[in-house]
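Undergrad: build me a model from this:
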Amino acid sequence: MMPFSACRFSLVAIFLLLAERCVNAQSFTDFLVVGGGTSGCIMAARLCSAFPNLHVTLLERGLPRSPQSNFLVSAPRNLFNSWSDRSITEFFESLPDAGLQGRTTPTLTGITLGGSSAINGMQWTVPMSGSVEEWGIRGLSTETAAPYYRRAYDTVGFGPPQAPLQYADDYVTAALSAGFSSSDDPISQPARSVWQNRLALDANFRRNDACSAYVSPALSSSCARNLAVVQGVTATKIVMSDLSGGGKVAVAVDTISSSDRSTVHRYWARREVLITSGPYGSPKLLQLSGIGSASTLAAAGVVQTLNLPVGERSVTRASAGVESTYTGVPDEPANNVEAVNSAQQREIWDSGNGGLLGTPVTAANGRAGEDGYFTVGFIPFFPGRPELRTGCYHNTNSTGFVRIRDSNPFSTPLLNNNLLSDSEDVQRLVRCLNAAAEIHRKFPASFQMTFRSPAGGVATADYVKRTANTGAHIVGGCPVGDVLTDELRVKGVESLRVVDASSIRTMPKSAGPAASVYMLAEYMADRIIEDHSGR
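TA: Modelled structure (predicted):
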C-alpha cells in the first residue's frame with residue numbers, strides 16, 4: 001500500500017472546502033505563504049516545524065490532483081504527458097523574439113502543490129563557484145550556500161538513478177574521451193564535467209517533489225496542528241496598511257476561488273506575508289497589488305501604490321540541441337512507447353516496482369565551462385528511429401520582462417524573453433552545441449550514430465537562431481537591488497518578502513535554477529526563523 005501524501009490525495013483540500021462555504025470569509029494566521037510551489041512548500045514546512053505555537057498557512061492556486069494527474073506527475077516517464085494536463089501545468093506563449101527570427105516560444109509552469117518541481121526533468125545542477133555571490137543576498141555565498149544545497153538534496157532524496165537508462169554509461173564514457181571529466185559530487189562539479197542524472201525518486205520509483213518531500217511529512221507530524229494548506233485559491237491582491245512614520249506594511253492577501261472564480265476570502269497575517277508564487281506569479285501578484293512601474297500598471301488599469309521596477313529585468317535562457325540517430329544497437333527499452341503504455345507496465349508501476357514508467361527521461365547532465373550546461377536523453381522523437389539528443393542551455397546576458405496584461409488575476413502575463421538578443425549569448429550556445437557534438441562523435445562505432453541536426457554536427461549562429469527555443473528557465477522578476485532588499489524584503493513594505501526564482505537576479509551559471517530555488521528557500525527559512533525566534 002502506498003504511503004499517504006497530501007500532494008497526491010485531495011484530503012488536504014478540506015481547508016478549501018471550508019473556506020468556500022462562506023462568501024467574503026476571512027482567516028487569521030501568523031505566517032502566510034502565497035504559492036505552493038518549490039519554495040512555498042519548503043518555507044511552510046520549515047516554519048511550522050520551527051514555531052509549533054504559531055500558525056502557518058500555505059495558499060496554492062492549483063486544485064487537488066485527480067488520480068490521472070497524479071499518475072502523470074509521479075511516473076518519471078510521463079514527463080512530457082504531464083505538460084499537456086492543464087490542471088497541473090499552465091501554458092502560455094511569449095511575445096515574439098527578434099533573436100529567434102520573430103518566433104514566439106511556449107512557456108510552461110506548474111500549477112499544483114510542488115509547483116514546477118512536480119513537472120520538471122528532476123535535474124539537480126548546482127551553479128559554478130561565484131554565481132551565488134552575484135545575487136546580492138545577505139550572507140549567501142558559494143561557501144555558505146553549500147550546506148543548504150546539501151540539505152535540500154538529502155531532504156528531497158536526489159541520488160543516482162535506481163534504474164539507469166541503458167546507454168547512460170556509454171554517454172559518460174564518450175564525454176571522457178571528448179575531454180570532459182566525470183563527477184560524483186552533487187554540490188561541486190568541475191567546469192567541464194558530465195555525470196549521470198541525479199533523480200528524486202522514492203523507493204517505489206515515484207517522483208519526490210517539494211510537496212511530497214516537505215509538506216506531506218510536515219502534515220503527518222507535529223505540523224498537523226499548525227499548518228493549513230489551502231488549494232484552489234488564486235491570490236488577487238496583497239493588502240497593505242500605511243505606517244505612521246511612512247511606508248507600508250503587508251497585513252493580508254485577498255484570494256478568489258480558482259474553480260468558481262467568485263468566492264473570495266481574505267487571509268490576515270500577524271507576522272509576515274511570504275510571496276512564493278514563482279518567476280511568473282510573484283511579479284504578477286506584486287503588480288496586481290499596485291507595486292510596479294507606472295507604465296505597466298497604467299496599461300493594465302491598476303492603481304500604483306509603490307513605484308518599483310517589478311518584472312522589468314527577468315532573465316530567461318534559450319536552449320537548442322544536437323540530435324543523432326543510432327541504428328547499430330537496440331533502442332533504449334524505455335523508448336518503446338507501446339511497451340511503456342502497456343497494461344503490463346501499468347501493473348508493474350501500480351505494484352510499486354517502477355518498470356519502464358519509473359525510468360528517467362534524461363540520462364545525464366554536464367557542464368560546458370562558462371558557456372552553459374547540457375542535458376542528455378535517448379528520446380524517440382520519431383517512431384522507429386532511435387535518437388540521442390543533447391540539449392544545451394546557455395549562460396545569458398539578455399534580459400526581458402514579465403508584466404500583467406490587465407487586472408484579471410486569471411490572465412497569463414505578458415512575457416518578453418528577449419532570447420539571444422546579446423551576440424555573446426548566441427556564441428555561448430554555439431560553443432556548447434559543438435562541444436556536445438564532439439561527445440556524440442566519441443560513441444563507439446557499433447552505435448552507427450549519424451547526426452540529424454545540425455548538419456554534420458557543426459552548430460552555427462544561423463542554426464541556433466532558427467532552432468532555439470526557451471529553456472523554460474526564468475529568474476529575476478523581483479531582483480535584489482531593484483525590487484528587494486538583501487534580505488528579500490520588498491522595498492518600502494514591511495512584513496513582505498519574495499522568496500523564489502524571481503528573487504534570483506542572474507541565471508545560475510552553468511546550471512538549471514531548480515537546485516538553487518531549493519537552496520534559497522532552505523536558507524531563507526533559517527533567516528526568517530532567526531528573525532522571529534524569541535518574539
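
Undergrad: okay, CA-based contacts and neighbour counts for the rest of this
TA: Noted.

Undergrad: and stretch 165-185, end to end?
TA: Stretch 165-185 has an end-to-end distance of 20 Å (CA to CA, to the nearest Å).

Undergrad: list the buried residues of that stretch.
TA: Buried positions in stretch 165-185, judged by neighbour count with 16 or more other CA atoms under 10 Å: 165, 167-168, 171-176, 178, 180-183.

Undergrad: same thing with stretch 58-73?
TA: Buried-residue list, stretch 58-73, by 16+ other CA under 10 Å: 58-65, 69-73.

Undergrad: restricted to strands, list those residues.
TA: With strands taken from DSSP state E, the overlap with those comprises 58-60.

Undergrad: where does T255 fall, phi/psi-wise?
TA: Backbone torsions for T255, taken as degrees, to the nearest 10, come to phi -130, psi 160.

Undergrad: identify the residue nearest it in space, chain neighbours excluded?
TA: A235 (4.2 Å; CA to CA, 6 or more residues apart in numbering).

Undergrad: please apply the same query to G36.
TA: Closest to G36 by CA to CA, 6+ apart is E60, at 4.7 Å.

Undergrad: need the contact list for the one you found.
TA: Neighbouring residues of E60 by CA atoms under 8 Å, 6 or more residues apart in numbering: 34-37, 111-113, 229-234.

Undergrad: from the ones in strands among the buried residues of stretch 58-73, which is closest to D154?
TA: L58 (23.1 Å; CA to CA).

Undergrad: surely the closest one is in contact with N226?
TA: No. L58 lies out of contact with N226 (CA atoms under 8 Å); the separation is 10.9 Å.

Undergrad: need the overlap of contacts for these two.
TA: Counting by CA under 8 Å, 6+ apart, nothing touches both L58 and N226.

Undergrad: and stretch 393-410, which residues are buried?
TA: Result for stretch 393-410 [16+ other CA under 10 Å]: buried residues 393-407, 409.

Undergrad: flag the least confident of these.
TA: The member of the buried residues of stretch 393-410 with the lowest pLDDT is N397, at 90.

Undergrad: still on that earlier bit, turn the buried residues of stretch 165-185 into a markdown table, columns for distance to L415.
TA: Below are these laid out as a markdown table (distance: CA to CA, whole Å):
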| residue | distance to L415 |
| --- | --- |
| L165 | 36 |
| Y167 | 38 |
| A168 | 36 |
| Y171 | 36 |
| V172 | 37 |
| T173 | 40 |
| A174 | 39 |
| A175 | 36 |
| L176 | 39 |
| A178 | 38 |
| F180 | 36 |
| S181 | 37 |
| S182 | 37 |
| S183 | 36 |
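
Undergrad: pLDDT weak spots in the protein?
TA: 1-6, 8-24, 380-384 (pLDDT under 70).

Undergrad: spatially central residue for it, please.
TA: S116 (4.3 Å; CA atoms, centre = their mean).

Undergrad: give me the neighbour count for the closest residue to that one other than its chain neighbours.
TA: Closest residue to S116 apart from its sequence neighbours, by CA to CA, 6+ apart: G110 at 4.2 Å. Each residue near G110 was counted by other CA atoms under 10 Å, and the total is 25.

Undergrad: a strand runs through the residue nearest to T255, doesn't it?
TA: Yes. Counting by DSSP: H, G, I helix; E, B strand; the rest coil, A235 falls inside a strand.

Undergrad: for E272, name its beta-bridge partners.
TA: Beta-bridge pairing of E272 under DSSP bridges involves F31.

Undergrad: how about I474: what's its closest non-neighbour residue?
TA: Nearest one to I474, counting by CA to CA, 6+ apart, is T316 at 4.4 Å.

Undergrad: so that neighbour is in contact with F401, correct?
TA: No. If you go by CA under 8 Å, T316 and F401 don't touch, sitting 9.4 Å apart.
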